[in-house]
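**Student:** next one to model:
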Amino acid sequence: MTKTILITGSTDGIGLLTAKKLASDGHNVLLHGRSIPKLESAAAEVGENVETYAADLSDLSAVQGLAENVRAKHDRLDVLINNAGVLKAPQSVLENGQDIRFVVNTLAPYLLTELLLPIIPADGRVVNLSSAAQAPVNIRAMQGSVPLADMEAYAQSKLAITIWTREWAKSQSDAPVMVAVNPGSLLASKMVKEGFGLAGNDMNIGADILIDAALGERFADASGAYFDNDSGAFSDPHASALDKGHAADVMNTIKELVNQTN
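**Tutor:** The predicted structure follows:
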């Protein structure tokens, strides 16, 4: 059955490869990226059954615009893959003082999911990109009051998206499946090449597990779960995600920061 699937950060890397595979299987793919020329290039590579949406996810007002544009064209979105992420950036602290890793990797997907949830059916899915790199969240750093090194911010932002995946799934009934997925460590993405100077492993490893999470039967009853593709199995995330107090602090801070844009 043909699905309509939005993939953020799909102008290159795992996102683009996932889009190509889904489109070749006949699904309607909605590409997202920051750059219109890159979106046009990606759309040409993906081929038919594709739409493009430009938005800078480091700006939560742009995330709102992205959701509005998707909803203007679609009254049903079967799958949302929150793939976009950043490890290093020329300017890691935004004008409002927030760290770009928390905004792009944690807050933007939360807000986008919240705004698109009304058009995602109960049998739909939200796939959130997590990572094997997870670390307890410094709440003051998430609020922009404490600077962090690149990897610290990245690992904390990835635990935060894993936490909101778990907590949101627990709070919702008759809602889409929400899963957090580590697509595999050190895949040959732009992020890995720029961040670690490594060629990286086959990106098909990551694209294939995202497609499985989006459409596969083994994820159909896995809402709130974390899948670690390094081990090829569902797994517990970092212990801090299981700490009720820490999870509550992270969720309250996410909601506080996202609500500042409303």
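**Student:** pull the CA atoms of stretch 96-105 into CSV?
**Tutor:** Below are the C-alpha coordinates for stretch 96-105, written out as CSV (Å, rounded to 0.1, in the frame of the first residue of the first chain):
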residue,chain,number,x,y,z
ASN,A,96,18.7,33.3,21.3
GLY,A,97,21.5,31.6,23.2
GLN,A,98,20.4,28.1,22.6
ASP,A,99,22.7,25.3,21.4
ILE,A,100,21.9,24.4,17.9
ARG,A,101,22.2,20.7,18.7
PHE,A,102,19.3,20.8,21.2
VAL,A,103,17.2,22.9,18.8
VAL,A,104,17.7,20.8,15.6
ASN,A,105,18.1,17.4,17.2
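**Student:** show me what the mean pLDDT comes to for it.
**Tutor:** Per-residue pLDDT over stretch 96-105 has a mean of 96.
**Student:** so where is this protein shaky, pLDDT-wise?
**Tutor:** For the chain, the stretches flagged by pLDDT under 70 are 192, 195, 262.
**Student:** please, where are all the helices along it?
**Tutor:** 13-24, 36-46, 60-73, 100-102, 108-116, 139-142, 150-171, 190-196, 204-215, 244-259 (DSSP state H).
**Student:** which other helices and strands contact the fourth one?
**Tutor:** Helix 100-102 is packed against helix 150-171, with contacts defined by 3 or more CB pairs under 8 Å, 6 or more residues apart in numbering; DSSP states H and E. C-beta here means a position set from N, CA and C on the backbone, and glycine is covered the same way.
**Student:** same question for the fifth one.
**Tutor:** Applying 3+ CB pairs under 8 Å, 6+ apart, one finds that helix 108-116 contacts helix 60-73, strand 79-82, helix 150-171, helix 244-259.
**Student:** could these be laid out in CSV, adding distance to I209 and mean neighbour count?
**Tutor:** Shown next, in CSV, are the helices and strands packed on helix 108-116 (distance: least, CB to CB, whole Å; neighbours: other CB atoms under 10 Å):
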stretch, distance to I209, mean neighbour count
helix 60-73, 24, 17
strand 79-82, 11, 28
helix 150-171, 15, 22
helix 244-259, 25, 16
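**Student:** save those as TSV, and put in distance to A225 too.
**Tutor:** What follows is the helices and strands packed on helix 108-116, written out as TSV (distance: least, CB to CB, whole Å):
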stretch	distance to A225
helix 60-73	25
strand 79-82	15
helix 150-171	8
helix 244-259	15
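**Student:** out of the ones you listed, which comes closest to A42?
**Tutor:** strand 79-82 (14.4 Å; CB to CB).
**Student:** which residues touch the closest one?
**Tutor:** Residues from elsewhere that reach strand 79-82 (CB atoms under 8 Å, 6 or more residues apart in numbering): 3-8, 15, 18, 109, 112-113, 116, 120, 124-129, 161, 210, 214-215.
**Student:** ok, that strand: who's next to it in the sheet?
**Tutor:** Each strand paired with strand 79-82, and its direction, by DSSP bridges: strand 4-7 (parallel), strand 125-129 (parallel).
**Student:** I'd like those as a markdown table, with mean neighbour count and distance to L94 appended.
**Tutor:** As requested, these are arranged in a markdown table below (neighbours: other CB atoms under 10 Å; distance: least, CB to CB, whole Å):
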| stretch | mean neighbour count | distance to L94 |
| --- | --- | --- |
| strand 4-7 | 25 | 24 |
| strand 125-129 | 26 | 20 |
